[in-house]
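K.L.:
This is the structure alone, sequence omitted:
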Ligand code: TRP
């Protein structure tokens, strides 16, 4: 099967690991830019459900539920299954096969030096008992991306290290198996016969949103996240926990603190943002508590329509809608990934017999 990319429409791919519901960090770091990309780009959005097993192999039911929840979040924020392709990772066998190929082109120590893996080991308290598959997911992510030969990968800042490794894997493959000169420019690889483009990361409006602890990156596992399903009451409560260290309303405040990250991220009226910044910096009778409520209301306004759409997809009826989309899209996703795999195998002298996948309805 061949794939039909309308000429001139660049392809993008990005994805989420189903470890729980999506939160505000995902929204401003990636989801918003995905929604906006749909007109301009040929979009692929991947649910990395295999990756969830690398740290939660004993929780298959939870992973399955999170998988469907994530797709519901996507639909609720406005990712449109008519225009974009949803990729359920475990239904695309070419990804697992490509993972092996890339695993043999990346030095072991290179993978283990990946700073994002290191941070995750610390944050999730994985110690030294994590599975063999855990660091392997970073190699798998190269395959997730390259299976679809995208030009761009919209991600949060924490993913940039993975994308860098993906670029190395692509260059290496093209050099070793396609005769691309090691000094070739990244942009020339495909024209010079490389199977893979060298894709670039594109960091969203806010590359890293601080959590409601005011310190670390927003993350479900750090318990400092505001979820897309939270109510105004829950948002207010979580914002209330954000500690700035400021004591009184007339103490000059630091407008680079975590609270003001939220002000700039979520209050869309620029004049109001400037006014708050001035008053806060001057200690002009403005309390943290007041600002937190204003931010909470702005967040609520932003996510209210998302919450509403998500409620429509609740329960088993919603699950059915999601599964039907995923099934249809599995065929589309595999058409592209199988073509990539066939080209990669040919370059590797592994083009023995060919194959066709079937997706019975
Ligand atoms: N590792 C990413 C995360 O946890 C999810 C992911 C998996 C991904 N495969 C990808 C992101 C490919 C971009 C491209 O957020």
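P.N.:
Received it, and whenever you're ready, just let me know what you need. Owing to the predicted nature of the structure, the values given are computational and were not obtained by experimental measurement. Residues are numbered from 1 along each chain as shown.
K.L.:
alpha carbons only for contacts and neighbour counts from here, please
P.N.:
Fine.
K.L.:
And the strands in the protein?
P.N.:
With DSSP state E applied, the chain shows strands at 11-16, 42-47, 85-88, 152-155, 200-203, listed in chain order.
K.L.:
Give me the buried stretch members for stretch 213-232, please.
P.N.:
Neighbour-count burial for stretch 213-232 flags 213-214, 217-220, 224-232 (criterion: 16 or more other CA atoms under 10 Å).
K.L.:
Low-confidence stretches in the stretch 101-250 of the chain?
P.N.:
Across the stretch 101-250 of the chain, nothing is flagged by pLDDT under 70.
K.L.:
Point out the residues in it that sit beside the ligand.
P.N.:
141, 144, 145 (CA under 6 Å from any ligand atom).
K.L.:
could I get those residues as a markdown table with distance to residue 266 and neighbour count?
P.N.:
Output for those, formatted as a markdown table (distance: CA to CA, whole Å; neighbours: other CA atoms under 10 Å):
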| residue | distance to residue 266 | neighbour count |
| --- | --- | --- |
| 141 | 31 | 22 |
| 144 | 32 | 28 |
| 145 | 30 | 26 |
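K.L.:
for those, which one is nearest residue 12?
P.N.:
Nearest to residue 12, judged by CA to CA, of those is residue 145 at 8.9 Å.
K.L.:
Chain neighbours aside, what residue packs nearest to that closest one?
P.N.:
Leaving out its chain neighbours, the residue that sits closest to residue 145 by CA to CA, 6 or more residues apart in numbering is residue 13, at 6.3 Å.
K.L.:
Neighbours of that neighbour, how many?
P.N.:
Neighbour count for residue 13, taken as other CA atoms under 10 Å: 28.
K.L.:
Residue 202 too?
P.N.:
Residues near residue 202, counting by other CA under 10 Å, number 18.
K.L.:
Walk me through the domains of the chain.
P.N.:
What automatic domain parsing lists as the domains of the chain is 11-208+315-347, 232-312.
K.L.:
so how far is the first one from its chain's centroid?
P.N.:
Put plainly, it is domain 11-208+315-347. Mean C-alpha position of domain 11-208+315-347 versus that of the full chain (CA atoms, centre = their mean, to the nearest Å) differs by 8 Å.
K.L.:
returning to what we had before: if you compare the domains of the chain, which one is most tucked away?
P.N.:
Sort the domains of the chain by mean neighbour count, taking mean count of other CA atoms under 10 Å, and domain 11-208+315-347 sits at the top with a mean of 19.
K.L.:
re the thing from before, now for the domains of the chain, which one comes closest to residue 353?
P.N.:
The nearest among the domains of the chain, by CA to CA, is domain 11-208+315-347 at 10.2 Å.
K.L.:
ends of the closest one, how far apart?
P.N.:
Using CA to CA, to the nearest Å, one end of domain 11-208+315-347 lies 22 Å from the other.
K.L.:
ok, now stretch 346-355?
P.N.:
13 Å.
K.L.:
starting at the chain centroid, how far to that stretch?
P.N.:
With CA atoms, centre = their mean, you get 32 Å for stretch 346-355.
K.L.:
which parts of that stretch are buried?
P.N.:
346, 347.
K.L.:
what is the mean pLDDT for it?
P.N.:
On average, the pLDDT along stretch 346-355 is 96.
K.L.:
ok, residues contacting it?
P.N.:
Residues outside stretch 346-355 that contact it (CA atoms under 8 Å, 6 or more residues apart in numbering): 177, 178, 195, 342, 345.
K.L.:
what does stretch 254-269 give?
P.N.:
With contacts defined as CA under 8 Å, 6+ apart, stretch 254-269 is touched by 28, 206, 209-210, 214-215, 242, 244, 273, 277, 280-281, 291-292, 295, 298-299, 302.
K.L.:
quick one: average confidence on it?
P.N.:
Regarding stretch 254-269, the rounded mean pLDDT is 96.
K.L.:
Same question for stretch 85-94.
P.N.:
98.
K.L.:
first vs last residue of it, how far apart are they?
P.N.:
Stretch 85-94 has its terminal residues 16 Å apart, counting by CA to CA.
K.L.:
Ok, stretch 304-318 next?
P.N.:
19 Å.
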